[in-house]
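Peer 1: Let me see the structure of the following:
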Amino acid sequence: MRIVTTPMCEEIVKLAGFSDYTVNKHPTSEDGDLAILLSESKVEMNAMPIKINTPRQVFESIREVSKITGSELDDEEILSFFEDYEMSKKYLNSDFKKDVNVKVYSEFLKDIALDVGFNIDSESFDYVIYPDYLKDNVMETENLVEIPSHNSISKNPFEKIEVRYAILENLI
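Peer 2: Coordinates of the predicted model:
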């Protein structure tokens, strides 16, 4: 089976055990038999959509992708990838609840805000959280929190988590 992945998912593909794959921002069936890509991406070929916004999503994505390698990784093997990433480890099995209400301008940031323990509330909120690419769409003027998006941050999902979660932890 020929695997093709997008740049944003390449690290997951590598960690899951693939060494022979193609990277293409816009995969087609000419690139491979199966595309591994972010869940919001659309392609006209067989695809395995994954999510990598939260530590739990990264964990589950590595597990699911490893299943198709022929040697599925066990929990301990996957957990070893989290060793050097404090925020990723902290929030992997978290059930934090904070008294912080946030308005969120993006679906991927909703996942992250909920994982940190914030309440999503579009009416009565303490902060407005938005991705950098939507800066010009934000109507509010106070308590704004800009989060780096896919294009302005490392493609490594652990490094993304570290940066984004650190920003949000500063609100607590």
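
Peer 1: what residues are up against the spatially most central residue of the chain?
Peer 2: Nearest to the geometric centre of the chain sits residue 53, at 2.0 Å (Cα atoms, centre = their mean). Shown in contact with residue 53 (Cβ atoms under 8 Å, 6 or more residues apart in numbering): 108, 111-112, 115. All C-beta spots, glycine's among them, are computed from the backbone N, C-alpha and C.

Peer 1: Now tabulate those in a markdown table and tack on pLDDT, secondary structure and distance to residue 95.
Peer 2: Shown next, in a markdown table, are the contacts of residue 53 (pLDDT from 0 to 100; DSSP: H, G, I helix; E, B strand; the rest coil; distance: Cβ to Cβ, whole Å):
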| residue | pLDDT | secondary structure | distance to residue 95 |
| --- | --- | --- | --- |
| 108 | 92 | helix | 21 |
| 111 | 95 | helix | 15 |
| 112 | 96 | helix | 15 |
| 115 | 94 | helix | 10 |
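
Peer 1: Just the buried ones from those residues?
Peer 2: Buried residues within those, counting neighbours by 16 or more other Cβ atoms under 10 Å: 108, 111-112, 115.

Peer 1: now, among those residues, which is nearest to residue 96?
Peer 2: residue 115 (8.2 Å; Cβ to Cβ).

Peer 1: From residue 73, how far off is that closest one?
Peer 2: 22 Å (Cβ to Cβ, to the nearest Å).

Peer 1: Residue 13 too?
Peer 2: 13 Å.

Peer 1: if you count what's nearby, which of the two comes out ahead?
Peer 2: residue 13 (24 against 19; other Cβ atoms under 10 Å).

Peer 1: helices or strands next to the host helix or strand of the more buried one in the packing?
Peer 2: Using DSSP states H and E, residue 13 falls within helix 10-16. When contacts are defined as 3 or more Cβ pairs under 8 Å, 6 or more residues apart in numbering; DSSP states H and E, helix 10-16 packs onto strand 3-5, helix 55-67, helix 157-169.

Peer 1: for this protein, what spans make up the helices?
Peer 2: Assigned helices in the chain, in chain order: 10-16, 55-67, 75-80, 86-92, 107-116, 157-169 (criterion: DSSP state H).

Peer 1: could I get those as JSON lines with distance to residue 24?
Peer 2: Converted to JSON lines, the helices of the chain look like this (distance: least, Cβ to Cβ, whole Å):
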{"stretch": "helix 10-16", "distance to residue 24": "10"}
{"stretch": "helix 55-67", "distance to residue 24": "17"}
{"stretch": "helix 75-80", "distance to residue 24": "26"}
{"stretch": "helix 86-92", "distance to residue 24": "27"}
{"stretch": "helix 107-116", "distance to residue 24": "21"}
{"stretch": "helix 157-169", "distance to residue 24": "19"}
